[in-house]
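Colleague: I need the structure of the sequence given here:
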Amino acid sequence: MGFPQGFLWGAATAAYQIEGAAREDGRAPSIWDTFSRTPGKVLDGDTGDVATDHYHRWEEDIATMAALGIGAYRFSISWSRVLPDGTPNQKGLDFYSRLVDELLRHDIAPVATLYHWDLPQHLEDAGGWPERDTARRFGDYAERIGRVLGDRVHTWTTLNEPWCSAFLGYASGVHAPGRTDPVAALAAAHHLNLAHGLAVRALRGVTPPSARHSVTLNLHHLRGDAEAVRQVDAVSNRVFLDPMLGRGYPADLLDDTSSLTDWSFVHDGDEAVIAAPLDVLGVNYYSPTLVRVWDGTSPRAHADGHRQGAASPFVGCDRVEFAEQPGPYTAMGWPIDANGMEELLLRLHREYPDIPLMVTENGAAFEDTVEDGRVRDERRIAYLDDHIAAVERACAAGADVRGYFAWSLLDNFEWAYGYSKRFGLVRVDYPTGARTWKDSAHWYRDTIATHRGSA
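Modeller: Numbering: from 1, shown residues only. Next comes the predicted model:
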């Protein structure tokens, strides 16, 4: 089978999860700084204050990428570092400029994500994503960063997993900012969509024609009862896919949530802005989801893969439950099923055939142990091998997939799980910051070399 010419092999990270330096060089607090410092919100009281200290060890980490042979690096920019109070912070801008230059020096394509969940706290204080002004601020932010880095970034990604930002952040409260208001969550989803469209428009105005523009969605690959699948698909997938790809908001989504809101936060012209043309759609996949119609009386199953909060993140799905699935499982408790990757990519190919795809995150956390200085993570290798094969099968079946990014380059701060879950190809000893290649890193290097050699 094989992969198409020019297929990008990469690895991915996110700013708050790896950078640290939370109070250095003019950076202001984000909602994750506030959330992680709130007792009881993050396991063991962990914060991203130091994380993996990438802010000071970025040259070492890029040398690791070069040694791995990756052709692209997907990173995120900390809005709080570059525009801490709405005005540019030169030290923050210089950090990302140096990072991009060093990537290019090693022939690694920079893939920059503008937003990976770390809203500046002062914008949350003004209302956050449920407020329309936050979308406008994001468009301004995109233009400013595009002017600084636009001549060197290979692919721009506006948002990472806006479903998590809207529904884990504002409906279930298990992610920052920790609010539990279903109407605010729906408004946040719309304003994230609007922010995306405004950012694409702004970036296209200040970046060269060669730059690519994208968004990354964590699309739930759903199985189970047809009605349950329809409801969850509307509020977890099509709420972003359809407006971003020019179809407007799904009628069934509006109907399912009509008892909560009339969607009056959607203004005339918004959907045209949201549907700004894209060059690629980023897809994050870890595991499938099994849903069924709940009978309303028996104990309701909540095996949706997310931490259980005070309310469900699946707004408007009150008669749906999330069933347990057979193992094996990752350390996150997520079922391992690579077939879901192939099925999801082929669904997107069928239903949205005009947009090229890129797997922007895929990986697994396991209970890694160090023996004689080595991490023998055979289960991670098997997981990655199976999922890369699934991508290859999807390509062979006609899906236009342009790249694959392993999550993650490094062990890091895993959001509400703190430092208890390790996804990295490279192990980080958190007390010292020392990096150690796991066996999966060696395997990934060899896999990339093999596929490049056969292209």
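Colleague: How about residues contacting the helix or strand hosting Arg350?
Modeller: Per DSSP states H and E: Arg350 is located in helix 339-351. Contact with helix 339-351 is made by 219, 221, 281, 283, 285, 287-288, 355, 357, 359, 362, 387, 390-391, 393-394, 397-401, as judged by CB atoms under 8 Å, 6 or more residues apart in numbering. Every residue, glycine included, has its C-beta placed from N, CA and C.
Colleague: What about these, which are in helices?
Modeller: In this view, the contacts of helix 339-351 that belong to helices under DSSP state H are 387, 390-391, 393-394.
Colleague: Out of those residues, the closest to Trp58 would be?
Modeller: Taking CB to CB as the measure, Trp58 sits nearest to His387 out of these, at 27.7 Å.
Colleague: which one is the closest one nearest to, not counting chain neighbours?
Modeller: Distances taken as CB to CB, 6 or more residues apart in numbering put Ala338 closest to His387, at 4.7 Å, once the chain neighbours are dropped.
Colleague: so how far is Gly327 from that neighbour?
Modeller: Ala338 sits 14 Å away from Gly327, going by CB to CB, to the nearest Å.
Colleague: Could you check which of the two has the larger neighbour count?
Modeller: Ala338 (22 against 11; other CB atoms under 10 Å).
Colleague: wouldn't the more buried one be in contact with Leu384 here?
Modeller: No. Using CB atoms under 8 Å, Ala338 makes no contact with Leu384, being 9.5 Å away.
Colleague: one step back: weed out the non-buried ones from the contacts of helix 339-351.
Modeller: 219, 221, 281, 283, 285, 287-288, 355, 357, 359, 362, 387, 390-391, 393-394, 399-401 (16 or more other CB atoms under 10 Å).
Colleague: Could you list which of these belong to strands?
Modeller: 221, 281, 283, 288, 357, 359, 401 (DSSP state E).
Colleague: Give me the distance between the first one and Asp377.
Modeller: What it means is His221. His221 is 24 Å from Asp377, by CB to CB.
Colleague: cool, the third one as well?
Modeller: In this structure, Val283 lies at 24 Å from Asp377, with CB to CB as the measure.
Colleague: Now find how far off-centre the helix or strand Leu159 falls within is within its chain.
Modeller: Using DSSP H and E, Leu159 sits within strand 155-160. The chain centroid and the centroid of strand 155-160 are separated by 9 Å, computed with CA atoms, centre = their mean, to the nearest Å.
Colleague: tell me what it is packed against?
Modeller: strand 72-76, strand 109-115, helix 182-206, strand 212-217, strand 280-284 (3 or more CB pairs under 8 Å, 6 or more residues apart in numbering; DSSP states H and E).
Colleague: Just the CA atoms of it, as CSV, please.
Modeller: Extracted in CSV, the C-alpha atoms of strand 155-160 (Å, rounded to 0.1, in the frame of the first residue of the first chain):
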residue,chain,number,x,y,z
THR,A,155,0.9,25.1,8.3
TRP,A,156,-1.3,27.2,10.6
THR,A,157,-3.9,25.5,12.9
THR,A,158,-6.4,27.9,14.4
LEU,A,159,-7.8,25.7,17.2
ASN,A,160,-7.0,22.4,18.8
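Colleague: Return the list of strands paired to that strand, each annotated with direction.
Modeller: According to DSSP bridges, strand 155-160 forms sheet pairs with strand 109-115 (parallel), strand 212-217 (parallel).
Colleague: per-residue confidence averaged over it?
Modeller: Mean pLDDT, strand 155-160: 98.
Colleague: Could you list the residues in contact with the next helix or strand after that strand?
Modeller: Counting by DSSP H and E, the next helix or strand C-terminal to strand 155-160 is helix 162-163. Residues from elsewhere that reach helix 162-163 (CB under 8 Å, 6+ apart): 189, 192-193, 196, 215, 217-218, 236, 239-240.
Colleague: same thing but at 10 Å, please
Modeller: 115, 117, 129, 169, 185, 188-189, 191-193, 195-196, 215-220, 235-237, 239-240, 244, 284, 313-314 (CB atoms under 10 Å, 6 or more residues apart in numbering).
Colleague: can you check stretch 2-10 too?
Modeller: 65, 68-74, 108-109, 111, 154-155, 358-360, 388, 391-392, 395-396, 400-406, 409, 444-445, 447-449, 451-452, 454-455.
Colleague: end-to-end on it?
Modeller: 17 Å (CA to CA, to the nearest Å).
Colleague: Flag every buried residue along that stretch.
Modeller: 3, 7-10.
Colleague: Then stretch 67-78?
Modeller: 68, 70-78.
Colleague: mind exporting that stretch as CSV, just the C-alpha atoms?
Modeller: In CSV, the C-alpha atoms belonging to stretch 67-78 read as follows (Å, rounded to 0.1, in the frame of the first residue of the first chain):
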residue,chain,number,x,y,z
ALA,A,67,17.5,12.6,15.4
LEU,A,68,14.0,11.0,15.2
GLY,A,69,13.9,12.1,11.5
ILE,A,70,10.5,13.8,11.8
GLY,A,71,9.6,16.1,9.0
ALA,A,72,7.2,18.3,10.9
TYR,A,73,6.6,19.5,14.4
ARG,A,74,3.2,20.5,15.6
PHE,A,75,3.5,22.9,18.6
SER,A,76,1.2,25.5,20.1
ILE,A,77,1.7,29.2,20.8
SER,A,78,0.9,30.5,24.3
